[in-house]
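> Sequence and predicted structure below; questions after.
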Amino acid sequence: MAEMDTSSKDTGKKGPGVKKGKKMSTRVDLTPMVDLGFLLITFFMFTTTMSQPTSMNLKMPDDNKNTKEQNVKQSGAMTIWLGDKNRLYYYDGELKPDLSNVQMSDYKAIRKAILDKKAVTPPDDLFMIVMPGNKSTYKNIIDILDEFSIDVVERYALVNKVDTAYSAYINKMDALADQAGGQ
Amino acid sequence: MGRAKVKRKSTTVDMTAMCDVAFLLLTFFILTTKFKPDEKIPINTPSSVASKLAPEKNFIMISLDKNGHAFLNSDMVPVKEQALDLINQEQNLGLTPGEIHKLATMPIIGTSFNNLKAYSKMPVAALNDKLPGIPIQDTANNQLKVWMKAFVSVQQDLGTDDPSAKMAVILKGDNMAKFPEFKNVIAALTENNILQFQMVTNPEGVPSGSELWKKAQSEGATTTPVNG
């Protein structure tokens, strides 16, 4: 394509005595150009952002309104506590004072628990309550909210002002889990 | 008879075609590239299945880095300037209009009110993750609350015709940010009646077989999420 026909078939057409100019090849070595091309490609590939950041919507309840008005049936409620070291604790309905109905889980196993709960609850009653513990991270909160959207749970609430009593429960569960893990 | 002479072939390959491909790709990348925005504070956002793109204009972004320091950022310089002006009057900071303008054009705001004057004189290169951030740790002195209040009142003054009146509040948190700081950020928002906000995440594929995946499947191929 980029080669020119430089074959010297036409030699001898010129008359005698005309000095033959030495034919130079017009072929250029393109290897350095290719090198440069790929170098720039690599640069652009590394600096480019292919995936745009997405965003997740979160609605918080209005503090000024009486949120107790919201009808949450105990039978359909599931409370999830976010603990330390990516641990989760959950219980159905009402918390027993001795924490005996609280179960430990993690971010993989919680899907089954949520789906099980969803299967036995009428859709209108299903309500998830998330209480993050003081040691939980932002990633934990996003992960659990994301889990709700994966499992198509429409009604959930993130409790912002976690009661100190509940924070203490979460710490207690964490301490128990640490103890069990340490043995 | 002697053996037929094997003709020696040249080992040089014609580079023209390769050069063509290289430059074709190069052109593609140059045209599609969009440089990563210059991030002053490194933040690793968690990932989610949310598919809505984060707004790129008319936003107020609150960044929460891994140490729990909060930073404020907005693409709307005039709104920022008005908010700063309001805070300047309320808190008697004694900022000059020049300093306010300087602060409004800075990429991030990450210090307490008392240090704003000194902060406005800082070179942009010095803005990094060593900044103290807007004080939020103490619930009694949650300065982010004051900031949001100023933004809300500026927004109300603008009226509904102004496109920048509809600003989106974006929260960009680091994976390792802890809940107590996050809680204070949320409190700063909810107490100013900003009850809806967006949290920046990295896109992630919907796990196949999950409820959302089934829902997307049944809605048709156009909305089928990519598994990743």
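All right, it came through fine. Numbers count the residues shown, from 1 in each chain, chains lettered A, B, ... in the order given.
> Sketch out the low-pLDDT regions of chain B for me.
For chain B, the stretches with pLDDT under 70 are B:1-2, B:35-38, B:129, B:159-165, B:220-228.
> Walking through it, point out its strands one by one.
B:47-48, B:59-64, B:70-74, B:168-173, B:196-203 (DSSP state E).
> could those strands go into a markdown table alongside distance to chain A and mean neighbour count?
(Each C-beta comes from the backbone N, C-alpha and C, glycine too.) As requested, the strands of chain B are arranged in a markdown table below (distance: least, CB to the nearest CB, whole Å; neighbours: other CB atoms under 10 Å in any protein chain shown):
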| stretch | distance to chain A | mean neighbour count |
| --- | --- | --- |
| strand B:47-48 | 4 | 21 |
| strand B:59-64 | 7 | 23 |
| strand B:70-74 | 12 | 23 |
| strand B:168-173 | 4 | 22 |
| strand B:196-203 | 4 | 20 |
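> Can you identify each of the helices in the chain by residue range?
Chain wasn't specified; assuming chain A. Remark: helices assigned in chain A by DSSP state H are A:31-47, A:110-120, A:138-150, A:164-182.
> that's the wrong chain, I meant chain B
B:16-32, B:77-91, B:97-105, B:116-119, B:143-158, B:179-190, B:211-218.
> Indicate which one of the ones you listed is closest to chain A.
Nearest to chain A, of all the helices of chain B, is helix B:16-32, at 3.1 Å by CB to the nearest CB.
> so what secondary structure elements neighbour the closest one?
Counting contacts by 3 or more CB pairs under 8 Å, 6 or more residues apart in numbering or on different chains; DSSP states H and E, helix B:16-32 packs against helix A:31-47.
> quick one: average pLDDT of the helix it packs on?
The pLDDT scores in helix A:31-47 average 86.
> centre of the chain versus it, how much separation?
Distance, stretch centre to chain centre, for helix A:31-47: 31 Å (CA atoms, centre = their mean, to the nearest Å).
> Does chain B have contacts with it?
Yes: between helix A:31-47 and chain B, judged by CB under 8 Å from any CB of the partner chain, the touching residues are A:31, A:33, A:34, A:37, A:38, A:40, A:41, A:44, A:45, A:47.
> Show me just the buried residues among those residues.
Neighbour counting with 16 or more other CB atoms under 10 Å in any protein chain shown marks A:33, A:34, A:37, A:38, A:40, A:41, A:44 as buried within the residues of helix A:31-47 next to chain B.
> Dump those residues to TSV, plus distance to residue B:212.
Output for those, formatted as TSV (distance: CB to CB, whole Å):
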residue	distance to residue B:212
A:33	49
A:34	46
A:37	43
A:38	40
A:40	40
A:41	37
A:44	34
